[in-house]
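Trainee: How does the following fold in three dimensions:
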Amino acid sequence: QVQLVESGGGLVQAGGSLRLSCAASGRTFSSYAMGWFRQAPGKERDVVAAINWSGSSTVYADSVKGRFTISRDNAKNTVYLQMNSLKPGDTAVYYCAARQSRALPFEYDYWGQGTQVTVSS
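Mentor: Numbers count the residues shown, from 1 in each chain. A predicted model of the protein is given here:
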C-alpha cells in the first residue's frame with residue numbers, strides 16, 4: 001500500500017507557473033505508475049498527465065499539452081507536475097494517484113487528498 005501527499009498548490013495569476021509535488025510512502029515507489037488528475041467545481045475528475053514507473057513514458061490531456069510536464073524522482077519517492085502558462089480554466093483541485101503497474105494504467109488504486117490550484121484572470 002502507498003500513501004500520497006500533494007503539495008504546491010496555491011493562487012497564481014494567468015500566465016504564471018506552479019509546480020505540484022506528490023510524495024509517496026513505501027519502498028516500492030518505483031514499481032508504481034503515477035498520474036495527476038484534476039476536478040473543477042461541478043465537473044468530473046479528469047486525467048491531466050501520467051507517467052510510467054521509470055519515467056520513460058508520459059501522456060497528457062490535450063488541454064495541457066505543451067504547458068504541463070510530469071516527471072518523477074524515484075530516489076525521492078516523488079512525482080511532480082510543472083504547470084506553465086496557467087489559465088483560469090486550469091483552476092481545480094489536483095490529485096495524484098498511483099497504481100502498481102509497469103504500463104500506464106486506465107485506473108488507479110491510491111489517491112492523495114488533493115491540492116487546490118486557483119488561477120486568476
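Trainee: how would you label the spatially most central residue of the chain: helix, strand or coil?
Mentor: Central residue of the chain (Cα atoms, centre = their mean): residue 36, 2.6 Å from the mean position. Following DSSP: H, G, I helix; E, B strand; the rest coil, we place residue 36 in the strand state.
Trainee: quick one, strands of the chain?
Mentor: Remark: strands assigned in the chain by DSSP state E are 4-7, 10-13, 18-24, 32-39, 46-51, 58-60, 68-73, 78-83, 92-100, 110-111, 115-120.
Trainee: could those be laid out in JSON lines, adding mean pLDDT?
Mentor: Below are the strands of the chain laid out as JSON lines (pLDDT from 0 to 100):
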{"stretch": "strand 4-7", "mean pLDDT": "97"}
{"stretch": "strand 10-13", "mean pLDDT": "98"}
{"stretch": "strand 18-24", "mean pLDDT": "98"}
{"stretch": "strand 32-39", "mean pLDDT": "97"}
{"stretch": "strand 46-51", "mean pLDDT": "97"}
{"stretch": "strand 58-60", "mean pLDDT": "97"}
{"stretch": "strand 68-73", "mean pLDDT": "98"}
{"stretch": "strand 78-83", "mean pLDDT": "98"}
{"stretch": "strand 92-100", "mean pLDDT": "97"}
{"stretch": "strand 110-111", "mean pLDDT": "96"}
{"stretch": "strand 115-120", "mean pLDDT": "98"}
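Trainee: Lovely, talk soon.
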